[in-house]
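Novice: Need coordinates for the following:
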Amino acid sequence: MDTIPEMDSSNSENNTSINTTNSSMATSSSSSAAAAATTTPSRYENQKRRDWNTFGQYLKNHRPPLSLSRCSGAHVLEFLRYLDQFGKTKVHTPICPFYGHPNPPAPCPCPLRQAWGSLDALIGRLRAAFEENGGKPEANPFGARAVRLYLREVRDLQSKARGISYEKKKRKRLPQQMQPQLPPPGAT
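Specialist: Numbering: from 1, shown residues only. This next block holds a predicted model:
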């Protein structure tokens, strides 16, 4: 999965959690596991923090600089288009002879883009980070209709260009005998 480039070189938060974890490991083996679990953020939380910092850096470098409160879905779309230059997924153009082929037999000059799945996951993390950092859900620019439509458009375009279908995963249903049986109405 593609990750977005790190623009903020400060790493003090990471060092703090490592130091906390190391000092707690010196106490005892049983309490160190509990301390490590509570002080070490998950991989998802770390990625969410990096994504949030990168978006904040993007807003600072924006001309003119933008505050988060003035950020809209249009700015989020600008950010997603900016990220495309760092993509690693070959997306064939309609005039490419390999358009619609999942495994092209030869190289082609088609552009590298961010994969739809990466953008979708990024928007999900940024949506959560926005609300965790004091934003109101109804004012969340990452949940704007324009962003959802853009992601759908990218998914459809990449699906056709790469010959891959992005179907929703179907939920597995429990077999009939595994589901709890309720007594018929009126039976006691």
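Novice: all contacts plus neighbour counts: C-alpha atoms, from now on.
Specialist: Fine.
Novice: Tell me how far residue 112 lies from residue 53.
Specialist: Distance, residue 112 to residue 53, by Cα to Cα, to the nearest Å: 24 Å.
Novice: repeat for residue 124
Specialist: Using Cα to Cα, residue 124 is found at 15 Å from residue 53.
Novice: more crowded one of those two?
Specialist: residue 53 (19 against 14; other Cα atoms under 10 Å).
Novice: got any ranges where the protein has weak pLDDT?
Specialist: 1-38, 166-169, 174-188 (pLDDT under 70).
Novice: redo that, cut-off 50
Specialist: Applying pLDDT under 50 to the chain picks out residues 1-32.
Novice: Show me where this structure has its helices.
Specialist: Ranges of helices in the chain, per DSSP state H, are 12-25, 29-39, 43-61, 73-83, 116-132, 145-162.
Novice: buried residues in the fifth one?
Specialist: Which is helix 116-132. 116, 119, 120, 122, 123, 125, 126, 127, 128, 129, 130 (16 or more other Cα atoms under 10 Å).
Novice: do stretch 143-163 as well
Specialist: Buried-residue list, stretch 143-163, by 16+ other Cα under 10 Å: 143-144, 146-148, 151, 154-155, 157-163.
Novice: what does stretch 44-54 give?
Specialist: 47, 48, 49, 50, 51, 52, 53, 54.
Novice: for stretch 79-96, same thing?
Specialist: Buried residues in stretch 79-96 (16+ other Cα under 10 Å): 79, 80, 83, 84, 87, 89, 90, 91, 92, 93.
Novice: for those residues, which one is nearest residue 59?
Specialist: Set against residue 59, the nearest of the buried residues of stretch 79-96 by Cα to Cα is residue 79 (8.9 Å).
Novice: quick one: that closest one and residue 58 touch, right?
Specialist: Yes - Residue 79 lies in contact with residue 58 (Cα atoms under 8 Å); the separation is 7.4 Å.
Novice: Common neighbours of these two, please.
Specialist: Common contacts of residue 79 and residue 58 (Cα atoms under 8 Å, 6 or more residues apart in numbering): none found.
Novice: for the closest residue to residue 154 other than its chain neighbours, what are its contacts?
Specialist: Of all residues not flanking residue 154 in the chain, residue 116 sits nearest, at 6.1 Å (Cα to Cα, 6 or more residues apart in numbering). Contacts for residue 116 (Cα under 8 Å, 6+ apart) come out as 151, 154, 155, 158.
Novice: got CSV for those, with distance to residue 43 too?
Specialist: Output for the contacts of residue 116, formatted as CSV (distance: Cα to Cα, whole Å):
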residue, distance to residue 43
151, 24
154, 26
155, 25
158, 27
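Novice: Out of these, which is nearest to residue 40?
Specialist: Nearest member of the contacts of residue 116 to residue 40, counting by Cα to Cα, is residue 151, at 31.9 Å.
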